[in-house]
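Enquirer: Everything below, folded, please.
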Amino acid sequence: MRLACEPNTSAVGRPRRLSRRQLLATGGAGVPLSLAAAWATLQSPSLVVREQPRSLPMVPLRDTHKMLSPALINLVRDRLRWRAEMGVSHLLHWMRVFADPSSEEFIPDTAREVISLLTDARKIESRFGQAAVIVETDHGIRYLSGLVNRKLRVDSRPAHPFQELAAFAEAGLPASKPISTASRTRVLGDAVRDCLLNVQLREGRRAEPEWALCVAAHYSAVAAWTNRWGEMISLDGWASFLLDREPTRFCCGGTHLLQSLALLLRLARGNEDIALGRRMSERVRNRCSELSRSLADSQSPEGTWGAHWIKGAATADYRHRDLHITAHVIEAQLYLPEDLRIAHDSVRRALNCLERAFTLASDDDVMSDYCPYSHAGRVLLRCSATPGRNRI
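Expert: Model prediction:
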């Protein structure tokens, strides 16, 4: 399937042939049961991928740069530095902190090396001894994630479906960026198309829509398209699905519910061509307001949030769980409009908690639990930015 890349346009789908599955649905022998339904299928909007991903920068929190010392920030940078023993998931989290060219934290040479590795199946195989992590599909290419039921080395693949595409989007990689499978060279846009054509707005086994939503927010040039089953996918429909979904279904202790809704609201600022409709936007805002009230009630005296940060979002106990959840909560605040954020004092106490975690951690601690520490570090680095300066 040929990739369509148009930087700032929306597209209405051109008439196309009905697939065998669609023909069977209309009556089998090509005689439609409903001419209206067949015409609607022909006129369905097609997916158009942007060459350059949208820039969706975080919005600074008030006065947080006054709370964090230069010594702490240097410690965070050192603890999160690149290491030769990092696996794919480590490297994707490293990218979120150090691979964005618009950030003062950007490390050009290492970022190029990391991206070169993560976009080449043969290099991944050479480094980790694991072949076929980037595979061909009927609709493009795909990274096999940690949730794929195959015998793949843990350090050779992303932990979540489409996590790598979300990291590439945040780093600003263009859709024309070459990606090599084991047999040939494709482009990032082929992976984006595969992701968005396989989206379904229904619950499924091992479904994790959070990263696919991030991919759509950055790369889709249209607010609605049809997936490979002929189903309409729209941002409003996606928001409705997220709002109706149980918090326990979201990753990282349910915090990706808040993060996903915050991203949808962030998308609306300056991107009217793909923003939510007015009514859906109000529903999302109301839900975020409810979540902020829940956060106010559930924050511990020490400043953390844990398994019960929201009713129904209890998560399994694991090392550094509270650090992980607290960092995700503050990260979401950086995308929310100011009137929907938690109280300034709650932010201050949470940042103090993240600061203590880095002060007490050793290099080995951070390396063994790089994911939660990278989220915490990204928040601390962002919140250390002087207002008006472009950081992360």
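
Enquirer: What segments of the stretch 151-300 of the chain are helices?
Expert: 163-170, 188-197, 209-219, 235-244, 255-268, 278-298 (DSSP state H, counting those that start in this stretch).

Enquirer: And the second one, what does it pack against?
Expert: Applying 3 or more C-beta pairs under 8 Å, 6 or more residues apart in numbering; DSSP states H and E, we find helix 188-197 packed against strand 140-143, helix 163-170, strand 178-180, helix 209-219. Bear in mind the C-beta positions are built from the backbone N, C-alpha and C, glycine included.

Enquirer: got these as a markdown table, with mean pLDDT, mean neighbour count and distance to Ala343 columns?
Expert: Output for the helices and strands packed on helix 188-197, formatted as a markdown table (pLDDT from 0 to 100; neighbours: other C-beta atoms under 10 Å; distance: least, C-beta to C-beta, whole Å):
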| stretch | mean pLDDT | mean neighbour count | distance to Ala343 |
| --- | --- | --- | --- |
| strand 140-143 | 95 | 23 | 39 |
| helix 163-170 | 97 | 25 | 28 |
| strand 178-180 | 97 | 17 | 44 |
| helix 209-219 | 95 | 24 | 26 |
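
Enquirer: looking at the ones you listed, which is closest to Asp109?
Expert: Closest approach to Asp109 among those is made by helix 163-170 (18.2 Å; C-beta to C-beta).

Enquirer: Pull the residues that contact stretch 123-135.
Expert: 87-88, 116-118, 120-121, 141-144, 152-153, 155-157, 179-182 (C-beta atoms under 8 Å, 6 or more residues apart in numbering).

Enquirer: Restricted to buried residues, select those residues in PyMOL.
Expert: Buried residues among these (16 or more other C-beta atoms under 10 Å), as a PyMOL selection:
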select buried, resi 87+88+117+118+120+121+141+142+143+144+152+155+156+157+179+180+181
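
Enquirer: could you dump the helices and strands packed on helix 188-197 to JSON lines with distance to Val49?
Expert: Formatted as JSON lines, the helices and strands packed on helix 188-197 follow (distance: least, C-beta to C-beta, whole Å):
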{"stretch": "strand 140-143", "distance to Val49": "10"}
{"stretch": "helix 163-170", "distance to Val49": "11"}
{"stretch": "strand 178-180", "distance to Val49": "14"}
{"stretch": "helix 209-219", "distance to Val49": "5"}
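
Enquirer: Now do the same contact list for the closest residue to Cys252 other than its chain neighbours.
Expert: The shortest distance from Cys252 to any non-neighbouring residue, by C-beta to C-beta, 6 or more residues apart in numbering, is to His328 (5.3 Å). The neighbours of His328, taking C-beta under 8 Å, 6+ apart as the test, are Cys252, Gly253, Thr255, His256, Leu258, Gln259, His375.

Enquirer: cool, and Ala239?
Expert: By C-beta under 8 Å, 6+ apart, the neighbours of Ala239 are Leu261, Leu264, Leu276, Met280, Arg283, Val284.

Enquirer: redo that, cut-off 10 Å
Expert: By C-beta atoms under 10 Å, 6 or more residues apart in numbering, Ala239 lies in contact with 201, 213, 260-261, 264-265, 276-277, 280-281, 283-284, 287.

Enquirer: Out of the residues you listed, the closest to Val59 would be?
Expert: Among these, and counting by C-beta to C-beta, the member closest to Val59 is Leu265, at 10.6 Å.

Enquirer: and the gap between that closest one and Phe358?
Expert: 29 Å (C-beta to C-beta, to the nearest Å).

Enquirer: go on, Pro70?
Expert: From Pro70 to Phe358 the distance is 14 Å (C-beta to C-beta).

Enquirer: of those two, who's got more company?
Expert: Phe358 (21 against 8; other C-beta atoms under 10 Å).

Enquirer: Wasn't that one part of a helix?
Expert: Yes. Counting by DSSP: H, G, I helix; E, B strand; the rest coil, Phe358 is found in a helix.

Enquirer: looking at the helices of the stretch 151-300 of the chain, which is closest to Asp339?
Expert: Here helix 278-298 is closest among the helices of the stretch 151-300 of the chain (C-beta to C-beta), at 8.6 Å.

Enquirer: then the very next helix or strand once past the closest one to CSV, C-alphas only?
Expert: Later in the chain than helix 278-298, the nearest helix or strand by DSSP states H and E is helix 321-333. The C-alpha trace of helix 321-333 is given here as CSV (Å, rounded to 0.1, in the frame of the first residue of the first chain):
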residue,chain,number,x,y,z
ARG,A,321,5.0,1.9,41.9
ASP,A,322,4.2,5.2,43.7
LEU,A,323,7.2,6.9,42.0
HIS,A,324,5.9,5.6,38.6
ILE,A,325,2.3,6.8,39.2
THR,A,326,3.3,10.1,40.7
ALA,A,327,5.5,10.9,37.7
HIS,A,328,2.7,10.1,35.3
VAL,A,329,0.3,12.3,37.1
ILE,A,330,2.6,15.3,37.0
GLU,A,331,3.5,14.6,33.4
ALA,A,332,-0.2,14.7,32.5
GLN,A,333,-0.5,18.1,34.2
